[in-house]
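Engineer: How does the following fold in three dimensions:
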Amino acid sequence: MAVVFASVGFLFVSEKKIEISDDIYRGVRSFAELTAHHVVDDVGLYLNNESFVYFNRSINELMNQNPDISYIKVVDYNGNIIYDSTSDSEKKYSGNKRNVDDFYNLAVLPGISQIKARNASMFVFPKSSNDVGRIYYLKKDGDYYKYVDDNEYLVLAPYNGFTFAYYVQPTTGKYTVVYGVTYKNLYEMISAMEFRIAELALFGFLLGVFLALFMGVRVNRPIVKLVKSAEEIAKGNFGVRVDIKSRDEFEYLGESFNKMALDLAASLEARVYKERVGRELELARNVQRTIIPAILPKVVGLDVAAGLLPAEEVGGDAYDVITDSTGALVYLGDVTGHGVPASMLSAVANSVIYSHSTVGDVTDIVAKLNDVLHKKSTKTMFMTLCLAKWNSSNGVLRYVNAGHDPILKFDSTSLDVVEGLSGGLAVGMLAEISDKVKVGEMALAVGDVAVLISDGIVECWKSEKENYGMARLKEFIHNYCSANPLASALQIKDAVLKDVADFASGYKQADDITIVVMRRM
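Structural biologist: Predicted coordinates:
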């Protein structure tokens, strides 16, 4: 018994190790994609301007968000290491140039070919001592990743539960960011689990000895009671109970038997439970309908229309139009993921924006919202946001982009469709993002159109390999608005959503789809 119990336990540990290793890989990969551009921006903002203290503080804040990151290195495309969190903790490095070729060791630091590659890469440790480690490049194909070599030829995926030394994340600038990986937390968890399994195996062994000694004396009567009760259960009498007061495992078995009978009776109520869950989801939908305005308020000088198509019963997208004496505050936010958790966070964001809509500039509102979401949500949930303030007197949109898709503007004079600011850091990721969000202004002449979208539109899939895309959206807005110069915001909104639906042709919607259209009157 003890051997079987221990074998099953250690098999479970092995599977758990694979699961946790995969979680570490996905976590490091997502963390690198989200933070690499921010790190490079800080190089230009702080490190290159002799503000090492601010740069180092920003790096430390990022590393504190992911316990599986052991170091961060910034390397230029010539292979020179310009920052190393393991050694540059006190001041900016000022010695001789440190080049990756000088420290070349695949298990420690990437080579120059990885630094210059346009695809992310990592060094995977060998599965056994008879194998060798290998570099894998990750080529993104929509929402999926393919493992390729340095010539972008497909290669077999690494072994299940692989471990890797570092993750190399290229950026659009002249730097590459290297993230070191530590498995300290994994090994501590596995050691603790193995110790507990050993304890349980010992307990099982002692229990087996005890049962062998006392089985013959005390086993017959409890078994007879259990057999008779099992026969009643087989007849459908789920109300039967056994009364065993032997003060040993058979009493526990009797209690388990009684619980089983209770669970079987409860299973008959599964249909009722399913209906109750359906009613609760309907209640969640009603709450979201209350938060998302069914009828938009009238805005001086602006024709506004909006629509939201959730991917599930409830979604994580949200928008609102809040008017005041100077114009209106318009926003569109997109919480990571969808479903009930995302809808809850979007409800919180809606309330915060509404309650602080008069606190000052759009940057002040975003700062208030970031403070609340960072404290009240998990580190894996955050919100991209485009928040715009319409000034009716001068016809200008002043807006903040926090990691969201850019505003699109149709110029009724030139008939061009241009993009506003993009990028920035999502709301809720860091404790302070006031200096990391992007602020812009967009003047709208009469007949001009501004369009806010969630990424559910450009990432709408027609097949596993083709999605809608920003280029198609801009082309459609150009063609439609050019051909229909008097079209209302509602007509433009409906036309865009119809084109997206026609493109998808019934393919499963993977993300919430939201759009806000503003036309200057």
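
Engineer: for the protein, what spans make up the helices?
Structural biologist: Applying DSSP state H to the chain gives helices spanning 2-45, 52-64, 112-116, 184-218, 220-234, 249-267, 270-291, 340-355, 362-376, 455-458, 470-483, 489-504.

Engineer: export those to TSV and tack on mean pLDDT?
Structural biologist: TSV is the format used below for the helices of the chain (pLDDT from 0 to 100):
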stretch	mean pLDDT
helix 2-45	88
helix 52-64	93
helix 112-116	91
helix 184-218	80
helix 220-234	74
helix 249-267	78
helix 270-291	67
helix 340-355	86
helix 362-376	91
helix 455-458	93
helix 470-483	96
helix 489-504	96
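
Engineer: between the ones you listed, which one is nearest to K91?
Structural biologist: K91 lies closest to helix 52-64 among the helices of the chain, at 6.0 Å (C-beta to C-beta). Using the backbone N, CA and C atoms, a C-beta is placed for each residue, glycine as well.

Engineer: That closest one packs against which elements?
Structural biologist: Secondary structure elements in contact with helix 52-64, counted by 3 or more C-beta pairs under 8 Å, 6 or more residues apart in numbering; DSSP states H and E, are helix 2-45, strand 69-76.

Engineer: mind putting those in CSV, distance to G301 and mean neighbour count included?
Structural biologist: Output for the helices and strands packed on helix 52-64, formatted as CSV (distance: least, C-beta to C-beta, whole Å; neighbours: other C-beta atoms under 10 Å):
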stretch, distance to G301, mean neighbour count
helix 2-45, 35, 16
strand 69-76, 47, 20
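
Engineer: picking that back up, and of the helices of the chain, who's closest to Y137?
Structural biologist: With C-beta to C-beta as the measure, helix 112-116 is the member of the helices of the chain nearest Y137 (8.1 Å).

Engineer: Which strands and helices lie in contact with the closest one?
Structural biologist: Using 3+ C-beta pairs under 8 Å, 6+ apart, the elements in contact with helix 112-116 are strand 175-181.

Engineer: where are the low-confidence patches of the stretch 301-450 of the chain?
Structural biologist: Applying pLDDT under 70 to the stretch 301-450 of the chain flags residues 313-314, 338.

Engineer: Am I right that S377 is in contact with L345?
Structural biologist: Yes - S377 is within contact range of L345, at 5.7 Å (criterion: C-beta atoms under 8 Å).

Engineer: Now do S89 against V53, distance only.
Structural biologist: For S89, the distance to V53 equals 11 Å [C-beta to C-beta, to the nearest Å].

Engineer: need the contact list for Y46.
Structural biologist: F52, Y54, F55, S58 (C-beta atoms under 8 Å, 6 or more residues apart in numbering).

Engineer: what about the closest residue to the last one other than its chain neighbours, distance to F205?
Structural biologist: In space, not counting the residues next to it along the chain, S58 is nearest to D42; the distance is 5.0 Å by C-beta to C-beta, 6 or more residues apart in numbering. Distance of D42 to F205, computed by C-beta to C-beta: 57 Å.

Engineer: Kindly report the same for D68.
Structural biologist: On the measure of C-beta to C-beta, D68 and F205 end up 36 Å apart.

Engineer: Which parts of this protein belong to which domain?
Structural biologist: 2-185, 296-520 (automatic domain parsing).

Engineer: which residues touch A495?
Structural biologist: F476, Y480, A487.

Engineer: Make sure the second one is actually in contact with L486.
Structural biologist: No - Y480 is beyond contact range of L486, at 12.0 Å (criterion: C-beta under 8 Å).

Engineer: Out of these two, name the residue with the larger neighbour count.
Structural biologist: Between Y480 and L486, counting by other C-beta atoms under 10 Å, Y480 is the more crowded of the two (17 against 7).

Engineer: how far away is that one from Y331?
Structural biologist: 24 Å.

Engineer: roughly how far out does stretch 195-213 sit from the chain middle?
Structural biologist: Chain-centre distance of stretch 195-213: 43 Å, with C-alpha atoms, centre = their mean, to the nearest Å.

Engineer: nope, stretch 366-379 is what I was after
Structural biologist: Taking C-alpha atoms, centre = their mean, one finds stretch 366-379 lying 15 Å from the centre of the chain it belongs to.

Engineer: L154: how many residues sit nearby?
Structural biologist: Other residues lying near L154 total 10 when counted by other C-beta under 10 Å.

Engineer: That one and K146 touch, don't they?
Structural biologist: Yes - using C-beta under 8 Å, L154 is in contact with K146, at 6.1 Å.

Engineer: Mind checking which of D68 and F205 has more residues around it?
Structural biologist: D68 (20 against 15).

Engineer: how near is that one to Y468?
Structural biologist: Distance of D68 to Y468, given as C-beta to C-beta: 34 Å.

Engineer: can you check L369 too?
Structural biologist: 28 Å.

Engineer: of the two, who's got more company?
Structural biologist: More crowded of L369 and Y468, by other C-beta under 10 Å: L369, with 26 against 20.

Engineer: What are the neighbouring residues in contact with that one?
Structural biologist: L369 is in contact with A349, V352, I353, H356, M383, L385, V427, counting by C-beta under 8 Å, 6+ apart.

Engineer: Just give the nearest non-adjacent residue to G440, would you?
Structural biologist: Nearest in space to G440, with sequence neighbours left out and distances taken as C-beta to C-beta, 6+ apart, is L421 at 4.2 Å.

Engineer: Y175 now?
Structural biologist: V40 (5.0 Å).

Engineer: Thought Q169 was touching that neighbour, still the case?
Structural biologist: No - here V40 does not reach Q169: they are 9.7 Å apart, not a contact under C-beta under 8 Å.

Engineer: Need the residues touching each of those two.
Structural biologist: Counting by C-beta under 8 Å, 6+ apart, the residues touching both V40 and Q169 are V177.

Engineer: any idea how far S488 lies from L373?
Structural biologist: Distance, S488 to L373, by C-beta to C-beta: 34 Å.

Engineer: and what of L138?
Structural biologist: Remark: distance between L138 and L373 (C-beta to C-beta) = 29 Å.

Engineer: between the two, who's got more neighbours?
Structural biologist: Set side by side, L138 and L373 show more neighbours around L373, with 22 against 17, by other C-beta under 10 Å.

Engineer: if I pick the closest residue to E61 other than its chain neighbours, what's in contact with it?
Structural biologist: Nearest residue to E61 in three dimensions, chain neighbours excluded: L430, at 6.4 Å (C-beta to C-beta, 6+ apart). Counting by C-beta under 8 Å, 6+ apart, L430 makes contact with E61, Q65, N370, H374, K436.

Engineer: do S488 as well
Structural biologist: D303, A305, R519.

Engineer: I'd like to know how far V8 sits from V74.
Structural biologist: 47 Å.

Engineer: how far out from the middle of the chain is stretch 308-325?
Structural biologist: Relative to the centre of its chain, stretch 308-325 is centred 19 Å away, using C-alpha atoms, centre = their mean.

Engineer: Kindly report the same for stretch 438-447.
Structural biologist: A distance of 31 Å separates the centroid of the chain from that of stretch 438-447, by C-alpha atoms, centre = their mean.

Engineer: Would you mind putting the CA coordinates of it into PDB?
Structural biologist: Extracted in PDB, the C-alpha atoms of stretch 438-447 (Å, rounded to 0.1, in the frame of the first residue of the first chain):
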ATOM      1  CA  LYS A 438       0.600  58.900 -23.900                       C
ATOM      2  CA  VAL A 439      -1.300  62.100 -24.200                       C
ATOM      3  CA  GLY A 440      -2.400  63.600 -27.500                       C
ATOM      4  CA  GLU A 441      -4.800  66.100 -29.100                       C
ATOM      5  CA  MET A 442      -6.900  65.700 -32.200                       C
ATOM      6  CA  ALA A 443      -8.700  68.600 -33.900                       C
ATOM      7  CA  LEU A 444     -12.000  67.700 -35.600                       C
ATOM      8  CA  ALA A 445     -13.400  69.900 -38.300                       C
ATOM      9  CA  VAL A 446     -17.100  69.700 -39.400                       C
ATOM     10  CA  GLY A 447     -17.600  66.400 -41.100                       C
END
